[in-house]
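**Q** Got a predicted structure here, sequence first:
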Amino acid sequence: MDNSFISPVANPSGNRGNGLSGKFVLVIIGLVVAVLLAAGLLLISGGSDPTEKLDATNAKLTELQLILENGEQNAKSGDVRKINTDARILLVNDIALMSEVSLAAGADGSTQAPAIDEEEDPLLERLNTAAVNGQFDEVYVPELIETYEDTILLLASLERDTSNAAIKSAALTTRKHAETITLQLQALVI
């Protein structure tokens with residue numbers, strides 16, 4: 001009998017090739033492709049074009065400016081007038097800052113007032129009605145808080161979703177200003 005052939009079952013420590021089966025190699029290649037695909041998707045989504053969010057942010061800041069102008073004309077309480085004045089000063093600087101980074105990023109950068117018809121805009125209509133009824137401050141402060149909270153969410157989203165350091169910094173600065181004014185307004189309501 002020829003002893004040169006030993007069954008692999010009888011010799012479990014025998015040579016089995018290089019140790020990498022075809023299926024194992026395919027799994028490794030599949031994992032590498034999946035990781036590269038995921039990394040590519042992250043780069044695409046993380047480095048997405050921020051121009052739409054910048055334009056939306058600029059429009060929101062301009063809307064806020066119109067509301068603050070209405071408050072300057074109609075606010076009665078000294079506290080509300082002071083906060084309104086502080087908010088307008090901060091907002092002028094924030095609009096300039098956001099416009100600058102928007103233009104640098106290729107966005108519209110427009111700080112032109114959106115086409116808001118004061119007679120048709122529900123918020124401005126409520127504020128005007130409240131002014132006529134002598135309840136401006138009572139309506140204005142909660143509405144302004146809500147508008148600032150919406151602005152803060154938009155700025156936080158912009159800050160989180162962009163990889164541009166200048167945009168992040170401008171959004172952070174503007175968000176902190178908005179949070180400061182919001183806290184002052186909330187103190188009036190409590």
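**A** Perfect, I can see it now. Numbers count the residues shown, from 1 in each chain.
**Q** In space, what's closest to residue 69 - neighbours in sequence excluded?
**A** Nearest non-adjacent residue to residue 69, counting by C-beta to C-beta, 6 or more residues apart in numbering: residue 88, 7.7 Å away. No exception for glycine: its C-beta is placed from N, CA and C like everyone else's.
**Q** which stretch of helix or strand covers the one you found?
**A** For residue 88, the element it lies in under DSSP states H and E is helix 78-104.
**Q** Can you name the next helix or strand after that helix?
**A** Next element after helix 78-104 (DSSP H and E): helix 122-132.
**Q** Which parts of this protein are strands?
**A** Here the chain has no strands by DSSP state E.
**Q** Now do the contacts for residue 77.
**A** Contact analysis of residue 77 by C-beta atoms under 8 Å, 6 or more residues apart in numbering lists 137, 188.
**Q** Ok, residue 167 next?
**A** 50, 54, 101, 105, 158, 159.
**Q** ok now do the last one, which residues does it touch?
**A** Yep, that's residue 159 we're talking about. Shown in contact with residue 159 (C-beta under 8 Å, 6+ apart): 167, 168, 171, 172, 175.
**Q** can you tell me which of these are in helices?
**A** Mapping the contacts of residue 159 onto helices (DSSP state H) picks out 167, 168, 171, 172, 175.
**Q** Buried ones among these?
**A** For these, a burial check counting by 16 or more other C-beta atoms under 10 Å picks out 167, 168, 171, 175.
**Q** just to revisit the earlier point, ok, the ones in helices among the contacts of residue 159 vs residue 129, which is closest?
**A** residue 175 (31.1 Å; C-beta to C-beta).
**Q** excluding its backbone neighbours, what's nearest the closest one?
**A** Using C-beta to C-beta, 6+ apart, the closest residue to residue 175 is residue 155 (4.0 Å).
**Q** Residue 57 versus the one you found, what's the distance?
**A** Between residue 155 and residue 57 the computed distance is 6 Å (C-beta to C-beta, to the nearest Å).
**Q** okay, and the common contacts of the two?
**A** Contacts common to residue 155 and residue 57, judged by C-beta under 8 Å, 6+ apart, are 171, 174.
**Q** who's in contact with the residue nearest to residue 175?
**A** 57, 171, 172, 174, 175, 178.
**Q** thinking again about what came up before, what about the residue nearest to residue 69, neighbour count?
**A** Per other C-beta atoms under 10 Å, the neighbour tally for residue 88 reads 16.
**Q** now swap in residue 106 and tell me
**A** 11.
**Q** thought it was touching residue 55?
**A** No: the pair residue 106 / residue 55 is not scored as a contact, 10.6 Å apart, by C-beta atoms under 8 Å.
**Q** circling back: who wins for most neighbours among the contacts of residue 167?
**A** Highest neighbour count within the contacts of residue 167: residue 54, with 27 neighbours (other C-beta under 10 Å).
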